[in-house]
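Student: for reference, the sequence and a predicted model appear below.
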Amino acid sequence: MTNSYASSDDAAVAIAGVRAGADVVRDMYGRRLNRIDKGAGDFATAADVEAEKAILGVIRAARPDDAVLGEEGGQQGAADAVRQWLVDPLCGTLNYAVGNMLVAVNVALCDGAAAVADPFSGEVFFTDGETAWVRRDGADDAPLTPTSATRLVDVNLDPPFPSAPGFRAVDLLAHPEFVARFRPRVVSTTLALAWVAAGKRAAYVTDGGALSRSVHFAAGIALCRAAGCVVTGLDGAPIGEAGRGLVVAADDETHGLLMSMTRSRS
């Protein structure tokens, strides 16, 4: 592959990467794909593997000295590299494997640019690390503008649950104030975070640890931060490698309400 992206900025590389991965995901959709067992009920498909190869081709052409951590291929590149890209080539593999189109393709440069592609809508959500935008085919880029107007809150119910019994996502859904103010949705892909940044969701809540450097969450977190969302751990503190979970809200009021509900259940 020629070094066609060598003069591009990091956001352009991230966009090109997710588009390359999205092309593969879309082209392989609907095929009978063998499952590659990863243990604990998790698996990958040939689409995951091939999409990651396409993304790596873009990054290697543009940034040959950077390291990459891929969901399927693991760590690649120099261990002491100053810059590292995080790649989740198919976020929502279970959805994809059963013919559900709620999936995403994620590429993030640690502490820098990031992009999330919806392979089936054609939308690409991206940030240069300071501002966040959405790109749609045939339309000008539009800034991401969070709002809680929808009152829809995505809650990730996938294991593991490291914060239990202090926090259980299922308990949040049953909280009387949650029932009165919000409506739950369960997507369990980075689309949920991109939709908070874009104003399609009011908030997103999940348990887990070290999410800011996770191939699954880094791109979505970067988008939400750049868009001006409130981003914390389940304890309300800034997320980090030692933190637990993630609460992302369109505004302070929504975040405060969700935090009060989680704390009242703890």
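Tutor: Yep, it's here. The model shown is predicted, which means the values in this text are computed figures rather than measured ones.
Student: only C-alpha atoms for contact and neighbour calcs from this point on.
Tutor: Fine.
Student: what pLDDT is listed against the spatially most central residue of the chain?
Tutor: Nearest to the mean C-alpha position of the chain, by C-alpha atoms, centre = their mean, lies Thr190 at 3.0 Å. As predicted, Thr190 sits at a pLDDT of 92.
Student: my read: it touches Ser214, true?
Tutor: No. Taking C-alpha atoms under 8 Å as the definition, Thr190 is not a contact partner of Ser214, at 11.5 Å.
Student: now the helices for the chain?
Tutor: 10-28, 46-62, 93-97, 169-174, 176-181, 191-198, 218-227, 252-265 (DSSP state H).
Student: reformat those helices as CSV; add distance to Phe126 and mean neighbour count.
Tutor: Output for those, formatted as CSV (distance: least, C-alpha to C-alpha, whole Å; neighbours: other C-alpha atoms under 10 Å):
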stretch, distance to Phe126, mean neighbour count
helix 10-28, 7, 24
helix 46-62, 15, 22
helix 93-97, 21, 20
helix 169-174, 28, 15
helix 176-181, 30, 12
helix 191-198, 9, 28
helix 218-227, 6, 27
helix 252-265, 23, 16
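Student: make TSV out of those and add distance to Ala81.
Tutor: TSV is the format used below for these (distance: least, C-alpha to C-alpha, whole Å):
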stretch	distance to Ala81
helix 10-28	16
helix 46-62	13
helix 93-97	30
helix 169-174	37
helix 176-181	45
helix 191-198	28
helix 218-227	18
helix 252-265	36
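Student: of all these, which lies closest to Ala79?
Tutor: helix 46-62 (15.5 Å; C-alpha to C-alpha).
Student: report the rounded mean pLDDT for the closest one.
Tutor: Per-residue scores along helix 46-62 average to 97.
Student: just want the angle from it to helix 10-28.
Tutor: 150 degrees (axes from the mean of the first three to the mean of the last three C-alpha atoms, to 10 degrees).
Student: what packs against helix 46-62?
Tutor: Other helices and strands packing on helix 46-62, by 3 or more C-alpha pairs under 8 Å, 6 or more residues apart in numbering; DSSP states H and E, are helix 10-28, strand 84-91.
Student: the inter-axis angle of the first one versus helix 218-227?
Tutor: It refers to helix 10-28. Using the same axes, to 10 degrees: helix 10-28 against helix 218-227 is 130 degrees.
Student: need the residues that contact helix 10-28.
Tutor: Applying C-alpha atoms under 8 Å, 6 or more residues apart in numbering, the contact partners of helix 10-28 are 5, 47-48, 50-52, 54-56, 58-59, 62, 89-90, 104-109, 112-120, 124, 126-128.
Student: figure out how far that helix is from the centre of its chain.
Tutor: 14 Å (C-alpha atoms, centre = their mean, to the nearest Å).
Student: let me see the contact set for Val231.
Tutor: 221, 224-225, 238-239, 246-249.
Student: want to throw those into TSV with pLDDT and distance to Leu173?
Tutor: Formatted as TSV, the contacts of Val231 follow (pLDDT from 0 to 100; distance: C-alpha to C-alpha, whole Å):
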residue	pLDDT	distance to Leu173
Ile221	96	22
Cys224	97	23
Arg225	96	25
Pro238	87	23
Ile239	84	22
Leu246	93	16
Val247	95	14
Val248	97	16
Ala249	98	16
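Student: ok, now which ones touch Leu157?
Tutor: Here Leu157 is in contact with 169-170, 186, 188, 206 (C-alpha under 8 Å, 6+ apart).
Student: mind redoing it with 10 Å?
Tutor: Applying C-alpha atoms under 10 Å, 6 or more residues apart in numbering, we find Leu157 in contact with 168-170, 186-188, 205-207.
Student: next one: Ala44
Tutor: 33-38, 71-72, 90, 92-94, 97 are the contacts of Ala44 under C-alpha under 10 Å, 6+ apart.
Student: distance of it from Ala203?
Tutor: According to C-alpha to C-alpha, to the nearest Å, Ala44 stands 28 Å off from Ala203.
Student: how near is Arg181 to Asp235?
Tutor: Counting by C-alpha to C-alpha - Arg181 and Asp235 are separated by 21 Å.
Student: wait, which of the contacts of Val231 is closest to Val153?
Tutor: In terms of C-alpha to C-alpha, no member of the contacts of Val231 lies closer to Val153 than Ala249, at 8.8 Å.
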